[in-house]
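K.L.:
Test case, fold it:
(chains A, B, C and D)
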Amino acid sequence: MKGKRVLIINRGEIAIRVAKALNELGLVSVGVWTDNETEPPHLEYCQEWVHLEGSNNKETYLDIPKIMKIIEDYKIDGVHPGYGFLSENREFSETLAKKGITFIGPNPTAVYKMGAKDISKQIAKAAGVPVVPGSVGEVATIEEAIKIGNEIGYPILLKAVAGGGGKGMRPCANDAEVKANFAAVQREALSSFGYAALLVEKYILNPHHIEVQILADKKGNVYHVFERECSIQRRHQKIIEEAPSPFIGTDEKVRQDICMTAVKCAKAVDYDSAGTVEFIMGEDKKFYFLEMNTRIQVEHPITEEITGVDLVANMIKSAFGEPLDFKSQDEIVIHGHAIELRICAEDPITMLPAPGKVVGFETTFPQGIRFDHCIYPKYTITPDFDPMIGKLIAKGFNREVALRKVRNALDGLVIEGIKTNIPLHKVILREETFVKGEYSTAYIGKIKPQDKVAPKEDMKAFMVKVAAVEMNGRNS
Amino acid sequence: MKGKRVLIINRGEIAIRVAKALNELGLVSVGVWTDNETEPPHLEYCQEWVHLEGSNNKETYLDIPKIMKIIEDYKIDGVHPGYGFLSENREFSETLAKKGITFIGPNPTAVYKMGAKDISKQIAKAAGVPVVPGSVGEVATIEEAIKIGNEIGYPILLKAVAGGGGKGMRPCANDAEVKANFAAVQREALSSFGYAALLVEKYILNPHHIEVQILADKKGNVYHVFERECSIQRRHQKIIEEAPSPFIGTDEKVRQDICMTAVKCAKAVDYDSAGTVEFIMGEDKKFYFLEMNTRIQVEHPITEEITGVDLVANMIKSAFGEPLDFKSQDEIVIHGHAIELRICAEDPITMLPAPGKVVGFETTFPQGIRFDHCIYPKYTITPDFDPMIGKLIAKGFNREVALRKVRNALDGLVIEGIKTNIPLHKVILREETFVKGEYSTAYIGKIKPQDKVAPKEDMKAFMVKVAAVEMNGRNS
Amino acid sequence: MRYHFLNQDMKEFALDVEVNKDAFEFTSDGEKTKMFVKTLAGKNYYSFDGTSWKKLPALGVNEVLVSNSEVFKVYRGFKPSGLNKGGAGALITQMPGKVVKLMKTLGDKVSKGETVLILEAMKMENEIKSGADGVIKTINVKEGQALDSGFLMIEIEE
Amino acid sequence: MRYHFLNQDMKEFALDVEVNKDAFEFTSDGEKTKMFVKTLAGKNYYSFDGTSWKKLPALGVNEVLVSNSEVFKVYRGFKPSGLNKGGAGALITQMPGKVVKLMKTLGDKVSKGETVLILEAMKMENEIKSGADGVIKTINVKEGQALDSGFLMIEIEE
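P.N.:
Numbering: from 1, shown residues only, chains lettered A, B, ... in the order given. Next comes the predicted model:
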């Protein structure tokens, strides 16, 4: 494996994380720069720099023929896709396989099977993994919906087939509510998606998003690296993650159950890399398969922190057929607690993206903090890329210690010149139900921590900003 | 405990480490600056800065009346002494106790009992802890020495009472060698120390320096936080430490034994803070008590890394009578492996101190690295202070991973303008017996890694330095 | 030295600062506040009481200053006269973005509320609507162009 | 531009560098080596082949350059004529230190090998001995004074 040349076809903090692992393992990390990001900070960690021509993602990180050309020109042996972009693209992984290039990720069949939502659910079901109960296919009439409601038990969700993002769906608690809502959801579906067909699904109250990290080698060994709770979300995107899950807590039976179920899912598609099986868990701790992400995930660091397993390095080793760092599931144990905050360039109240240019950046962290990021003074966050610019991760002996550390770290994180969600995180980290660990995916919508963010800091904060400008001018 | 004002009467990396813990716990960290270090980097982490007048250690970090004055003037509630300076000074801890100031360390009696070498050995012996077998007091004649040699078993060490630093001591394998060497050691003792009296002590071949971390509260609960191996030493000072000990390895019986023996020692002096019990271990894995350090130690981070226990935070909590992060010994487990390299301003070949001014400083580390340091560009290392300027710590899933990470990190650590032992560490980390973990305190003397350090780098390294100067000039 | 801050809603306030070597004196609404400053090991620090110190970020002079959810235009030492030129007919970017589509050309008639162009900011498309009835007088952007915050894209003559 | 390097044993070598915008050309012992340079995100990088890049530290211009165990005086662009003034009678610090004790005063006779002053460097005392028989001509230090490396402490007239 040593000396192999690996192209990182990604940017930002994940490109840095991957480059670090490649360098450490003795491989050659090859990074790219594009015309709409000519000075990407990830090149700091890449041993070689290649120009990927183009000024938007379609011309660069998504352009398979162009990437294949670079692979040929620069004698690349393997590719790490990071997350997003081509990380779960069947065509890309198949093209690489045909050319004999190592894809640092699962085999193309696993990518395909888990990539298609309906296929992945069928596979999970066939493997004996619970999926959210509901109709098989479209539901045409109110009567049919009521029948299913009584079969699977209320509450149920009436949902547009083409739906997503909260539109075209309504919960119903009994037959009467189905009758009252059916036509309305159909109309909503038609107007929003141009297609009126509905599905019926069990409605899970105050659900938890819990996912299980999988790590597998090319010899059929599939391990789980325990779970993460990612229930703090806005716009169906995670902003805070924890490991282990405070909701599962000390219930080792449920923990074992969900983790081994994830292994079952992964084995069902002959999974052979790092990946994540996502579940939805109800208040009764019953869980249902949602999907499997066939890539390294944003929130992988919290799992690394509590288990000591270097997921990215092991993912690379797996891809090149090297043995993993462990030989049995028993070697992987949870140790302490980790919390990750996604630091995003966005308005802390509206939570809408807010690109811009960083003009000041300082960190003063306690012990036990990891900050995976791509920020530097003068860094410009363009509308082209994801607004997530860093991940602040704290590890502690227990949840209380981790919380104490991440709170102190957040107070020591200063990013000037752009809006960030730091003020929002500050509110959440001191909010009672979060501190107690008693939250579900309904958190942001119900508790509304964003309403407690002051739109503007006090006058002293402005004095500090003015002083920072004046002092900086003095020193240069 | 929150809001208490704590004076850190130390400097460098340990002052930073302590300030971080104080801030995180919600206390007020008060740091000092002196006339021979007016811009100490540790103030970056201190909330308040106090001038400790004086231009040498005697007038500053060792001046108890001056420190007591500051404590009064600045309404200080507690003091953290770090390591060195007044950390193990009985007078200081007693003076604080009288004034009702919290000393973040053990009670004065424990400091005193463990501070006096002969008393501490007696206490250990009385508590049933093995000490290195030998004569009780001075040995006047050859016959007496031979008698003891036969009692405790050869080899033995003839040793000047006043000895130290390798002078005035010779090992003897049998009666004949005692006869041959006795007079010579007496002469050496007389010429070196002005005092001819000798001791006889069991000679331990290829010994290992193994120490056990202790953490205790003020309610009589004493815990061990496992062992560290510190056998890589030069001039009887540690330069590389590991946890857990590769020599103890998977021998859980010995590990339990040495750790519980350390707890016994600590309990014998009613220990009530963080401390370390040092042992010498022979090739037969028999171990003997050396001394107890009643302070936080330089190498505490490797224990923090493998156990997840924040030693410094817990030491502070203990001092203020707060409960520790755990309630039973079982909660503390080893998880992975950690290695620490002490980065010193010294010649990498002669290993002699080499103060100077840092003119360039850059780090490019893999994941899993912790660098506790006080280095910044333009930092001047004065002859007044310890040459240790940083500690490079790697944690890995196992020793192999930790070694891989620390090796890669070391390659990414650039300090220009002063001599450092980085080139020496680079040799050791690739040297066979070290890599195998088969080394004793004889390592530096026997393997002589310093001989493999090139006195001068190649011409390309000079080109890089020239380019660094030219490019830096261009940017400013 | 007077600093003028102007937010997106054209609300403004001022902060006076007297810069000395070791301390700044601020005046806001007639109230004076002293701030001590110090440079240590290459970094800058501030203190309101002379004993408690905190780090200052190395903050480059910038026209824009962000405070939680509000963005302020900063004018150091002067207050531009034409501050309120941004009337209903001036379409100014509120955040950086990229022009996806121009719906009008020069001279076109537009009515209040009509979409004039589409601006993409972080994967989301925003319809930029005319604030007045009138005629397109100037177009300062083209499709595909990336814009900073506060950029005057289009002017409409009422 | 020629760089002269002189180590503690007065051994010297030179390195020529031609500075261009994107590349440096070095000449050492007649052999040419090209180095590419680039600035990225506020940091400097170098490459000998144009594809493999490594970070350059922000290295301030300094008179002293350290290479593992050797310390070099660096002369950028010139070679001082009086380089070899440091004869046996000139006592020059080899590392930074502090003067603990002066054993002689101006005009005192000293013989070769005799201790002239005691210099403390990192908790260790070093006796600085005369390299020649002679008379103390100049004393540039006093007790307690902290000295940099390469400082001419005392001159002895032979």
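K.L.:
Can you name the residue of the stretch 151-300 of chain A nearest chain D?
P.N.:
Of all residues in the stretch 151-300 of chain A, the one sitting closest to chain D is residue A:298 (21.8 Å; C-beta to the nearest C-beta). Any C-beta I mention is one placed from the backbone N, CA and C, and that applies to glycine too.
K.L.:
which secondary element of chain A has the worst mean pLDDT?
P.N.:
When the helices and strands of chain A are scored by mean pLDDT, DSSP states H and E, strand A:156-164 comes last with a mean of 80.
K.L.:
Just to be sure, the residue of the stretch 151-300 of chain A closest to chain D is in a helix?
P.N.:
No. Using DSSP: H, G, I helix; E, B strand; the rest coil, the assignment for residue A:298 is coil, not a helix.
K.L.:
correct me, but it touches residue A:344?
P.N.:
No. Using C-beta atoms under 8 Å, residue A:298 is not in contact with residue A:344, being 11.1 Å away.
K.L.:
Show me which strand runs longest in chain C.
P.N.:
Counting residues, the longest strand found in chain C (DSSP state E) is strand C:31-40.
K.L.:
quick one: strands adjacent to that one?
P.N.:
Pairing partners of strand C:31-40, with direction, according to DSSP bridges: strand C:23-28 (antiparallel), strand C:43-47 (antiparallel).
K.L.:
Contacts only, for the residue nearest to the residue of the stretch 151-300 of chain A closest to chain D when sequence neighbours are not counted.
P.N.:
Distances taken as C-beta to C-beta, 6 or more residues apart in numbering or on different chains put residue A:83 closest to residue A:298, at 6.0 Å, once the chain neighbours are dropped. By C-beta atoms under 8 Å, 6 or more residues apart in numbering or on different chains, the residues touching residue A:83 are A:10, A:14, A:295-298.
K.L.:
hang on, the earlier thing: show me what the longest strand of chain C is in contact with.
P.N.:
Residues contacting strand C:31-40 (C-beta under 8 Å, 6+ apart): A:459-460, A:463-464, A:467, A:471, A:475, B:39-41, B:43-44, C:22-27, C:44-50, C:53, C:56.
K.L.:
quick one, phi psi at the most far-flung residue of chain C relative to its centre?
P.N.:
The centre of chain C is farthest from one residue, residue C:51, which by C-alpha atoms, centre = their mean lies 34.4 Å away. Per-residue torsions, residue C:51: phi -120, psi -40 (degrees, to the nearest 10).
K.L.:
Find the residue closest to residue A:404 in space, skipping its chain neighbours.
P.N.:
Of all residues not flanking residue A:404 in the chain, residue B:24 sits nearest, at 6.0 Å (C-beta to C-beta, 6+ apart).
K.L.:
residues near that neighbour, how many?
P.N.:
Using other C-beta atoms under 10 Å in any protein chain shown, residue B:24 has 28 neighbouring residues.
K.L.:
Check the one 5 residues further on too.
P.N.:
Taking other C-beta under 10 Å as the neighbour definition, residue B:29 ends up with a count of 25.
K.L.:
need the next SSE after the helix or strand it falls within, C-terminal direction.
P.N.:
In the assignment (DSSP states H and E), residue B:29 maps to strand B:28-33. Downstream of strand B:28-33, the first helix or strand assigned by DSSP H and E is strand B:48-51.
K.L.:
Is chain A within reach of that following strand?
P.N.:
No. On the criterion C-beta under 8 Å from any C-beta of the partner chain, strand B:48-51 is out of touch with chain A, staying 14.7 Å away.
K.L.:
So which elements touch that strand?
P.N.:
Helices and strands touching strand B:48-51, by 3 or more C-beta pairs under 8 Å, 6 or more residues apart in numbering or on different chains; DSSP states H and E, are strand B:28-33.
K.L.:
tell me the angle the strand it packs on makes with strand C:31-40.
P.N.:
Angle of strand B:28-33 versus strand C:31-40, following axes from the mean of the first three to the mean of the last three C-alpha atoms, to 10 degrees, is 50 degrees.
K.L.:
I figured the residue nearest to residue A:404 hits residue A:403, correct?
P.N.:
No. The criterion here is C-beta under 8 Å, and residue B:24 misses it with residue A:403 at 10.9 Å.
K.L.:
who's in contact with the residue of the stretch 151-300 of chain A closest to chain D?
P.N.:
Residues counted as contacts of residue A:298 (C-beta under 8 Å, 6+ apart) are A:14, A:83, A:238, A:342, A:388, A:391.
K.L.:
Can I get the residues you listed in CSV including pLDDT?
P.N.:
What follows is those, written out as CSV (pLDDT from 0 to 100):
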residue, pLDDT
A:14, 98
A:83, 96
A:238, 95
A:342, 98
A:388, 96
A:391, 98
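K.L.:
Please narrow those residues to those residing in strands.
P.N.:
Residues of the contacts of residue A:298 located in strands (DSSP E): A:238, A:342, A:388, A:391.
K.L.:
Name the nearest of the residues you listed relative to chain B.
P.N.:
Taking C-beta to the nearest C-beta as the measure, chain B lies nearest residue A:391 of these, at 12.3 Å.
K.L.:
Let me know how buried the nearest residue to that closest one once chain neighbours are set aside is, in neighbour terms.
P.N.:
Closest residue in space to residue A:391, ignoring its immediate chain neighbours: residue A:372 at 4.6 Å, by C-beta to C-beta, 6+ apart. Residue A:372 has 20 neighbours, counted by other C-beta under 10 Å.
K.L.:
does any part of stretch A:411-430 sit near chain C?
P.N.:
Yes. Against chain C, stretch A:411-430 shows contacts by C-beta under 8 Å from any C-beta at A:414, A:416-419, A:423.
K.L.:
May I have that stretch exported as PDB, CA atoms only?
P.N.:
The C-alpha trace of stretch A:411-430 is given here as PDB (Å, rounded to 0.1, in the frame of the first residue of the first chain):
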ATOM      1  CA  ASP A 411     -16.600  30.500  23.800                       C
ATOM      2  CA  GLY A 412     -13.000  30.500  22.500                       C
ATOM      3  CA  LEU A 413     -13.900  30.200  18.800                       C
ATOM      4  CA  VAL A 414     -13.900  33.600  17.100                       C
ATOM      5  CA  ILE A 415     -14.800  33.900  13.400                       C
ATOM      6  CA  GLU A 416     -15.200  37.500  12.200                       C
ATOM      7  CA  GLY A 417     -16.500  38.800   8.900                       C
ATOM      8  CA  ILE A 418     -19.200  36.200   8.300                       C
ATOM      9  CA  LYS A 419     -22.400  35.100  10.000                       C
ATOM     10  CA  THR A 420     -22.000  31.800  11.700                       C
ATOM     11  CA  ASN A 421     -24.300  29.500  13.700                       C
ATOM     12  CA  ILE A 422     -21.900  29.900  16.700                       C
ATOM     13  CA  PRO A 423     -24.400  32.100  18.600                       C
ATOM     14  CA  LEU A 424     -27.100  29.400  18.000                       C
ATOM     15  CA  HIS A 425     -24.800  26.600  19.400                       C
ATOM     16  CA  LYS A 426     -24.200  28.700  22.400                       C
ATOM     17  CA  VAL A 427     -27.900  28.800  23.200                       C
ATOM     18  CA  ILE A 428     -28.400  25.100  22.600                       C
ATOM     19  CA  LEU A 429     -25.500  24.100  24.800                       C
ATOM     20  CA  ARG A 430     -27.000  25.900  27.700                       C
END
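K.L.:
Please state the offset of that stretch from the chain centre?
P.N.:
Offset of stretch A:411-430 from its chain centre (C-alpha atoms, centre = their mean, to the nearest Å): 20 Å.
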